[in-house]
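> Quick check, what structure comes out for this input:
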Amino acid sequence: MIFKFVVLLWFSAQFAISTKVQLSTGIIEGKQLNSTYSPFGNQSAIAFLGIPYVEPPIGDLRFRKPRPQKTWSGVLETKKFKPACMSNSTKTYKNGGIGGPISEDCLYLNVLTNQYCLENKNCSVVIIVHGGGYLFESAATFNHEILVNNFVGQDRNIVVVTINYRLGIFGFGHLNGFEGDKNVGIFDTLEAVKWVRREIKQFGGNKDRITLAGHSAGAGVVAAFTISPLTKGLIHQQIVMSGPMTNMSKKSNFKGMTAMAERVGCHSKKYGFNKLPEHEVEQVYSCLRKKPAQELLDAQLWLLQNSTFYFGAPPVDGEFITDYPDNLYSEKSIFSINTLLGTTTRELQDTGYISNSNYSKFETKETFLKNLCDQIGIEIYKESEDFSSKCQKWYINGSDSKSLSDDMEFYTQAINLADAHARKGKKVYMYSYAYSGAGPAFKKYMKVKSPHHSEDLIYTFGTHRGVFAPKDYVIEYIYSGMFADFINFEDPSPSTDQPWLQYTKENKEYFLVDFDQNLTMPGMKKNYYAKAYEFWSTAGQKSFKEEWSPSLDTFIITNLVAPIITHMDQITFDVDKTVEQMEILKIERENFLKSEKLKRKSELEMSRWIKKGRKRVINKRMGFMPVEIIENEESESDGGFSIGLLLFGGTLLGGIVYVSSYQFFRRSRNGYQLIN
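Numbering: from 1, shown residues only. Modelled structure (predicted):
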């Protein structure tokens, strides 16, 4: 009897699931995690939650690039999630306004694996980067039991890694004149990927089979990896869901950061938004590092709600992101990898209000469209008036106008990214998610028709998941299976009978994801948003800027649409701002528009004059200002001087008008923005 008991114990020990892993920095202990969400059978995994991958970014490390994790002694318990990074906790946790823990000490990751992977040491790996506009959400946003079900289990045997990275001012803020660490939130992600390559074998993963996946802002981080000189060879594939790179600037977030520093008493108003001297930068950062993290977050949240400042985009930092993405794509300055990317058919549809008959207070859709096209032209294009004219003609049809914002920020950007990788011979697979029958399976958070931004995540990562019907489990199995097959086999085809063809620049092939009553899909189509691309790819030459004004440091079309709609309908379009605040934003933008139009007109007149043969540049001094005068080589008359002076005067006058009106509205805010 004793012999049988000993033998039984020996066999149990041989087949016991190990929950301890030896890392280069120490031993960790996880736990077994079972997923009970699927009718196809429970799936099990070993979960390691809250693994530190760098030192906590606190104290003197605040606003600095991440530092390597130090070793520890003993066994570190990794059985529960760590707090989310500093953010609006109710938006981050999406639990009906309850919220959850947040902390500056947040740079942890989570690993899900299984016994098969631990034994074979050769499983594919997916690292998932969360979205949230670079302002909220966390790794805990994903339902990890769903991740077990869709990727680790069902014989898919994928090692899943989810990560936290710093958000808002903590991850992407910087001061004007600061040449030190920028985009530290993206550098957090870089260190997380390096950690995975270094340690993932201990969890059964293959470091040469890593897919980096992200949705929305997370997709922007993923897309940034292949245009960075710092990441070559770190990842094998990418999945970019609803969010390629935005129209960023070199100074994104510096104004919001400056306003935050002023609000907490670390920045002097006398400097305003001017470039700071080095000693002043050091003093401001020293002061900010001594403040409680919650005080800085409160200032950021106050500014987001009560001002026109925005913190939601990484800057062109010259190190990780060396240039504007459009330039890097066109110059072929990327390292190409296998890519799966796509969008939903109704992402945000910010401009859908143009054709919405319920908004009867609109003056006319033409007025709205003209205002919007004018502002896009001034913000982004060199020939702004020419662009605005083209834009209005193209989108005057209401059925087209509702997609203007999505065409610009999602569909055309997706094509640019797909073209950049396809032209280098890598496998590129494009999809368009059109299924609108989720119903209660999706917890809607926007008043737009399905399927909108992030709706497809209910069938992959578990975000916004509602009450599933039997058909939803089948759709989840099919849809998540396509992603799993791309991660495992570099091919997302749902079956041999329905192959998913690779994208080519010429035909723009894509897989249409929709489900009929029999849960079958249409499959392959051609010319992914070719009509939208026809317009935006020929709309004109872009005018990239150091910054966008008056208080926005990056270009996001919502920030143009929202104040126009609010003004016309007197119902705030932004959930975080009142009608009064949106009216202030509209006034700022109108004044900025007037100033920029005068400036742009002068620049164009000067450019046209130069093209007519005036080639010799003479520097003269007029009063206290140096003036650049251009004259015809064949004539030494004073005509050039008069025209140059006229152009200069027009530009100066426009600037004075803008600054004067802007200051007037600043003084009238009654404590609204930066003024106590």
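> Strands of the stretch 1-150 of the chain, start to end?
Counting by DSSP state E, counting those that start in this stretch, the stretch 1-150 of the chain has strands at residues 20-22, 27-29, 31-35, 43-52, 75-77, 108-113, 123-129.
> For those strands, could you give me JSON lines that also reports distance to residue 524?
To be clear about C-beta, it is placed using only N, CA and C from the backbone, and glycine gets the same treatment. Formatted as JSON lines, the strands of the stretch 1-150 of the chain follow (distance: least, C-beta to C-beta, whole Å):
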{"stretch": "strand 20-22", "distance to residue 524": "42"}
{"stretch": "strand 27-29", "distance to residue 524": "45"}
{"stretch": "strand 31-35", "distance to residue 524": "32"}
{"stretch": "strand 43-52", "distance to residue 524": "31"}
{"stretch": "strand 75-77", "distance to residue 524": "48"}
{"stretch": "strand 108-113", "distance to residue 524": "32"}
{"stretch": "strand 123-129", "distance to residue 524": "25"}
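> I'd like those strands laid out as a markdown table, including mean pLDDT, distance to residue 196 and mean neighbour count.
Shown next, in a markdown table, are the strands of the stretch 1-150 of the chain (pLDDT from 0 to 100; distance: least, C-beta to C-beta, whole Å; neighbours: other C-beta atoms under 10 Å):
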| stretch | mean pLDDT | distance to residue 196 | mean neighbour count |
| --- | --- | --- | --- |
| strand 20-22 | 98 | 13 | 14 |
| strand 27-29 | 98 | 14 | 17 |
| strand 31-35 | 94 | 19 | 17 |
| strand 43-52 | 97 | 11 | 23 |
| strand 75-77 | 98 | 18 | 13 |
| strand 108-113 | 99 | 8 | 26 |
| strand 123-129 | 99 | 6 | 26 |
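> lowest average confidence, helix or strand, in the chain?
strand 625-631 (a mean of 36; mean pLDDT, DSSP states H and E).
> What segments of the stretch 51-200 of the chain are helices?
Along the stretch 51-200 of the chain, counting by DSSP state H, counting those that start in this stretch, helices occupy 89-93, 115-120, 144-147, 168-172, 184-199.
> so how far is the third one from its chain's centroid?
In terms of C-alpha atoms, centre = their mean, to the nearest Å, the centre of helix 144-147 is found 23 Å from the chain centre.
> What average pLDDT does it get?
Helix 144-147 carries an average pLDDT of 96.
> which residues of the stretch 151-300 of the chain score low on pLDDT?
270-271 (pLDDT under 70).
> how about a cut-off of 50?
Of all residues in the stretch 151-300 of the chain, none has pLDDT under 50.
> now the chain
Checking the chain against pLDDT under 50 turns up 1, 3-15, 359-362, 615-643, 646-647, 657-658, 661-676.
> Return the list of helices and strands in contact with the longest helix along it.
Secondary structure assigned by DSSP state H gives helix 579-611 as the longest helix of the chain. Packed against helix 579-611, as judged by 3 or more C-beta pairs under 8 Å, 6 or more residues apart in numbering; DSSP states H and E, are the following elements: helix 365-380, helix 384-395, helix 558-569, strand 625-631, helix 639-667.
> Next, residue 343: secondary structure please.
Here residue 343 is strand, with the state taken from DSSP: H, G, I helix; E, B strand; the rest coil.
> for the one 5 residues further on, same thing?
Taken by three-state DSSP, the conformation at residue 348 corresponds to coil.
> show me the contacts for it.
Residue 348 makes contact with 405-406, 409-410, 446, 448, 452-453, 558, according to C-beta atoms under 8 Å, 6 or more residues apart in numbering.
> can you check residue 534 too?
So residue 534 contacts nothing (C-beta under 8 Å, 6+ apart).
> Over to residue 415?
Contacts of residue 415 (C-beta under 8 Å, 6+ apart): 508, 528-529, 533, 537.
> hmm, try it at 10 Å
Counting by C-beta atoms under 10 Å, 6 or more residues apart in numbering, residue 415 makes contact with 244, 341, 422, 430, 503, 505, 508, 510, 528-530, 532-533, 536-537.
> do the same with residue 389
Contacts for residue 389 (C-beta under 10 Å, 6+ apart) come out as 370, 373-374, 377, 383.
> most surrounded residue in these?
residue 377 (26 neighbours; other C-beta atoms under 10 Å).
> Excluding sequence neighbours, find me the nearest residue to that one.
Distances taken as C-beta to C-beta, 6 or more residues apart in numbering place residue 384 nearest to residue 377, at 3.5 Å, with adjacent residues excluded.
> Residue 407 versus that neighbour, what's the distance?
To residue 407, residue 384 is 19 Å away according to C-beta to C-beta, to the nearest Å.
> repeat for residue 588
For residue 588, the distance to residue 407 - C-beta to C-beta - is 26 Å.
> And residue 326, by the same measure?
Distance of residue 326 to residue 407, given as C-beta to C-beta: 16 Å.
> Let me know which of the strands of the stretch 1-150 of the chain is the nearest to residue 222.
Counting by C-beta to C-beta, residue 222 lies closest to strand 123-129 out of the strands of the stretch 1-150 of the chain; the figure is 5.9 Å.
> In its sheet, which strands sit next to the closest one, and in what direction?
Applying DSSP bridges to the sheet, strand 123-129 is found paired with strand 158-163 (parallel), strand 205-215 (parallel).
> Including mean neighbour count and distance to residue 230, could these go into TSV?
Output for the strands paired with strand 123-129, formatted as TSV (neighbours: other C-beta atoms under 10 Å; distance: least, C-beta to C-beta, whole Å):
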stretch	mean neighbour count	distance to residue 230
strand 158-163	27	17
strand 205-215	22	14
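> With distance to residue 542 added, can I get those strands in CSV?
Converted to CSV, those look like this (distance: least, C-beta to C-beta, whole Å):
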stretch, distance to residue 542
strand 158-163, 32
strand 205-215, 25
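> Residue 492 is nearest to which of those?
With C-beta to C-beta as the criterion, residue 492 lies closest to strand 205-215 of the strands paired with strand 123-129, at 11.4 Å.
> Put the alpha carbons of that closest one into PDB.
Output of strand 205-215 as PDB, limited to C-alpha atoms (Å, rounded to 0.1, in the frame of the first residue of the first chain):
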ATOM      1  CA  GLY A 205       8.100  31.200 -26.100                       C
ATOM      2  CA  ASN A 206      10.400  31.600 -29.100                       C
ATOM      3  CA  LYS A 207      12.100  35.000 -29.200                       C
ATOM      4  CA  ASP A 208      12.300  34.900 -32.900                       C
ATOM      5  CA  ARG A 209       8.500  34.500 -33.400                       C
ATOM      6  CA  ILE A 210       7.200  37.600 -31.700                       C
ATOM      7  CA  THR A 211       4.200  39.500 -33.000                       C
ATOM      8  CA  LEU A 212       3.600  43.000 -31.600                       C
ATOM      9  CA  ALA A 213      -0.200  43.800 -31.600                       C
ATOM     10  CA  GLY A 214      -2.100  46.900 -30.700                       C
ATOM     11  CA  HIS A 215      -5.400  48.600 -31.100                       C
END
